[in-house]
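>>> When you get a sec, could you give me coordinates for this:
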Amino acid sequence: MVVDRDGAVAEEIIQALSGLPIELFRSVDVNEGLDLCQRLLPQIVFSDEQQQPAVIKHLADDPALELVLMTANWSAEKALEAVENGASDLLSKPLDQARVRELVYNSITQAETRRRTYELDSELLEAYQFEGIVGRSPAMLQVFSKIRRVAAHFQTVLVTGPTGTGKELVARALHQRSPRAKSKFIVCNCSAIVETLLESELFGHVKGAFTGATHDKVGIFEYADGGTVFLDEIGELQHAAQAKLLRILQNRELQRVGSPVTRKVDVHVIAATHRNLRLLAGEGKFRDDLFYRLSMIEVELPSVVERKEDLPLLQRHFLKRFATKYRKPIKGISRRAQLLLARYPWPGNVRELENVIGTACMMAESDMIDVHDLPQNMRKLASRSDLGDPSLITFEELQNRHLAYVLDRVNGNKAQAAQILGVSRATIYEMLARLGQQIPPKKDISA
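As a prediction, this is how the structure comes out:
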C-alpha cells in the first residue's frame, strides 16, 4: 500500500516492483489510505513522512505490518522519532528503486519462510504428540520422558502445575502406559463435590449411615478396584478424607461411611493440584504424611509462558481439531494473529489457548483466522502499547542512537567517530546513508 499525496511516488514504486508477486494499492488521501489498510491488511505500507502522526496512530497496533516512511529531508531528530514510533525503515526522496525492490523482496522471502515453517509445524505435529499431549519444548520432552519411566511401576503420582496446563492428560497418559491400561480410569474432582458428601463419594456408605442413605453405595475407590483413580484438585480435600486416603495408600484398605468393615482395594492413585502442597502441609492445612506419600513421584507441568516454543504446534493441533469439528475449511492463522497469540501472556495456559482457537474457528468467516476473530481482551493486551518497558529498543535503533551521540561529542567529525567506534569511515557513511542523510550533532541522545 502506498499512501502519498504525490501520485508520482506510487508510479515509481510500481516500476521498482515490476515482476514481483505482489498486489499494490495506492491512495493520495491519507484517510482513504488508512481505511484501505484496515480493510486489506497489507504487509508493507509506504507513506510520506508528513503523514506520520496519522499513519502511526492508526497502524501502530498491527504487529505484522512494516511501515516505511519517505521524505526528501531527513534529520536525525525526525529519523529517531520515526523509528521510536514504529517505522521499520526510512527512505529518501527521490526514491532509490533498487532499495525499494530490496525491501519488498526481503519481505516476500520472509513470508515464504514463515509459510514453509508453518507447513513443517503441521508435519511435525504428529511426531511431537505423546498420548494426546502436544509439545517439543525441552520442558515437555522432560515430562514425556518421566511418564515413560514411571508409568510401568508407580502406585502413587503427584501431578503439579498451574491451572489449565493439562494435568488430567498427564494422568491419562500414565494410566495408558501402565499395566492397568485396560482397567478403569476414574476421575474425581475433589473441589466439585459437596464437603458433606465427599467421603461418601470417595469411600462409599452403608444404608442408614446418615439421613438420606437409603441403600448401600460403592465409592469411587471400590468401584475402581484394579484400575486407576485420578484425584484432581487434591489440595481441596478435607482432613477427615485425607486420613482415609492415607490409609488406602498405605494399607490398600478402606471403610465405607457408617461401616466397621474393612475392605481391600487395589488401586493406583494419581493426584493433581495447582496449589503448593508443601506450603499447605507446613501451614497445617494438608497432612504432611499424605503429602510425602503422594509426592514420592512428582510430575511438574510448565506454564505456556515456560514453553513458548510449543505455541505453533498447539495452535495447529487445536486448529485442526476445531476446523474438523465445525466442518470449516480453515487453512491456518494469519501472521498478525500468530504474533498476537505469541505476545499474549496466557494466564489460563493450554486450556485458554484451546478455548480461544475453538471460538476463533467458530467465528471465522474466511479460510484464515485473523486478529478480528480473536477475543477483544486479547487484542487489547497484546497491542504494542502493552508489550512492556517502552525503553526496550531494537539493536539497530541502539546503533543509530549511539552513532548520533558519538558524532555529537566529536562535533560531526566522521573520521574521529569511526576511530572511537572501531569501524571504517566508509561504515559511518553507510550507516548515515541508511537514514537518508548526514546526521547533525544532537544533544542528550545517549539515553
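>>> model confidence over the helix or strand where D35 lies, on average?
Here D35 is covered by helix 30-40, with elements defined by DSSP states H and E. Helix 30-40 shows a mean pLDDT of 83.
>>> do stretch 371-381 as well
On average, stretch 371-381 scores 82.
>>> ok, now stretch 347-356?
Here the average pLDDT along stretch 347-356 is 95.
>>> Please tell me how far that stretch is from the chain's geometric centre.
Mean-position distance between stretch 347-356 and its chain equals 9 Å (C-alpha atoms, centre = their mean, to the nearest Å).
>>> Same question for stretch 330-340.
For stretch 330-340 - counting by C-alpha atoms, centre = their mean - the centre lies 12 Å from the chain centre.
>>> in it, what counts as buried?
Neighbour counts over stretch 330-340 (16 or more other C-beta atoms under 10 Å) mark I330, G332, I333, S334, R335, R336, A337, Q338, L339, L340 as buried. (C-beta placed from N, C-alpha, C; glycine too.)
>>> In helices only, show me the residues you listed.
Residues of these located in helices (DSSP state H): R335, R336, A337, Q338, L339, L340.
>>> In terms of distance to L67, which of those ranks first?
R336 (13.8 Å; C-beta to C-beta).
>>> Give me the phi and psi for R256.
phi -70, psi 150 (degrees, to the nearest 10).
>>> please renumber so the chain begins at 360
Yes, from this point I'll number from 360; that puts the last item at R615.
>>> Report how many residues lie close to it.
Residues lying near R615 (other C-beta atoms under 10 Å) number 22.
>>> and what of the one 10 residues further on?
When neighbours are counted by other C-beta under 10 Å, D625 registers 13.
>>> list the contacts for it?
When the contact criterion is C-beta atoms under 8 Å, 6 or more residues apart in numbering, the partners of D625 are D584, G585, R611.
>>> about what we covered before: which of the buried residues of stretch 689-699 sits closest to I716?
I692 (8.3 Å).
>>> my guess is that closest one meets L678, correct?
Yes - with contact defined as C-beta atoms under 8 Å, I692 reaches L678; the gap is 6.7 Å.
>>> what is in contact with the two at once?
Applying C-beta under 8 Å, 6+ apart, one finds that I692 and L678 are jointly contacted by I728.
>>> For S447, which non-adjacent residue is spatially closest?
With sequence-adjacent residues excluded and distances taken as C-beta to C-beta, 6 or more residues apart in numbering, S447 is closest to E425, at 4.4 Å.
>>> Looking at per-residue confidence, what score does the one you found get?
pLDDT, E425: 84.
>>> and if you look at K526?
96.
>>> Repeat that for the one 5 residues further on.
At R531 the predicted local confidence, pLDDT, stands at 97.
>>> just checking, what's the longest helix in the chain?
Per DSSP H, the chain has its longest helix at helix 456-486.
>>> Per the annotation, how does this protein divide into domains?
Listed domain ranges for the chain are 360-486, 497-659, 664-745, 752-806 (source: automatic domain parsing).
>>> which stretch in these has the least confidence?
domain 752-806 (a mean of 67).
>>> what about V518, which SS state?
strand (DSSP: H, G, I helix; E, B strand; the rest coil).
>>> my guess is it meets L660, correct?
Yes - shown here, V518 and L660 form a contact pair, counting by C-beta under 8 Å, at 6.9 Å.
>>> Could I get the full set of strands for the stretch 560-709 of the chain?
Taking DSSP state E, counting those that start in this stretch as the test, the strands found in the stretch 560-709 of the chain are 587-591, 612-614, 621-623, 627-632, 657-659, 691-692.
>>> Go through those strands and name the closest to A446.
strand 691-692 (26.1 Å).
>>> which other helices and strands contact that closest one?
Helices and strands touching strand 691-692, by 3 or more C-beta pairs under 8 Å, 6 or more residues apart in numbering; DSSP states H and E, are helix 670-684, strand 727-728.
>>> wait, which of the ones you listed is closest to V368?
Of all the helices and strands packed on strand 691-692, strand 727-728 comes closest under C-beta to C-beta, at 30.6 Å.
>>> Quick one: distance of that closest one to the chain centre.
Using C-alpha atoms, centre = their mean, the offset of strand 727-728 from its chain centre is 17 Å.
>>> can you check stretch 716-723 too?
With C-alpha atoms, centre = their mean as the basis, stretch 716-723 stands 17 Å off its chain's centre.
>>> What residues sit buried inside it?
I716, G717, A719, C720, A723.
>>> Who are the contact partners of S662?
Contacts for S662 (C-beta under 8 Å, 6+ apart) come out as G520, P521, T524, W705, N708.
>>> between those, which is nearest G392?
Nearest to G392 among the contacts of S662, with distances taken as C-beta to C-beta, is W705, at 35.0 Å.
>>> just checking, the closest one touches V663?
Yes - using C-beta under 8 Å, W705 is in contact with V663, at 4.0 Å.
>>> Return every residue with contacts to both of those two.
Shared contacts of W705 and V663, defined by C-beta under 8 Å, 6+ apart, comprise L712.
>>> What separation do you get for the residue most central in space within the chain and V664?
For the chain, the residue nearest the mean C-alpha position is A701 (4.3 Å; C-alpha atoms, centre = their mean). Distance, A701 to V664, by C-beta to C-beta, to the nearest Å: 11 Å.
>>> on that earlier part again, among the contacts of S662, which pair sits farthest apart?
G520 and W705 (13.2 Å).
>>> Please report how far the residue nearest to S447 lies from E461.
Counting by C-beta to C-beta - E425 and E461 are separated by 13 Å.
>>> neighbour count winner among the two?
E425 (19 against 12).
>>> Is that one in contact with Q402, as I believe?
Yes - taking contacts as C-beta under 8 Å, E425 lies within contact range of Q402: 6.5 Å.
>>> intersection of neighbour lists for those two?
S466.
>>> So which residues of the stretch 410-559 of the chain form helices?
411-418, 435-443, 456-486, 497-509, 526-535, 554-562 (DSSP state H, counting those that start in this stretch).
>>> okay if I get those as CSV plus distance to E592?
CSV is the format used below for the helices of the stretch 410-559 of the chain (distance: least, C-beta to C-beta, whole Å):
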stretch, distance to E592
helix 411-418, 46
helix 435-443, 48
helix 456-486, 30
helix 497-509, 20
helix 526-535, 9
helix 554-562, 12
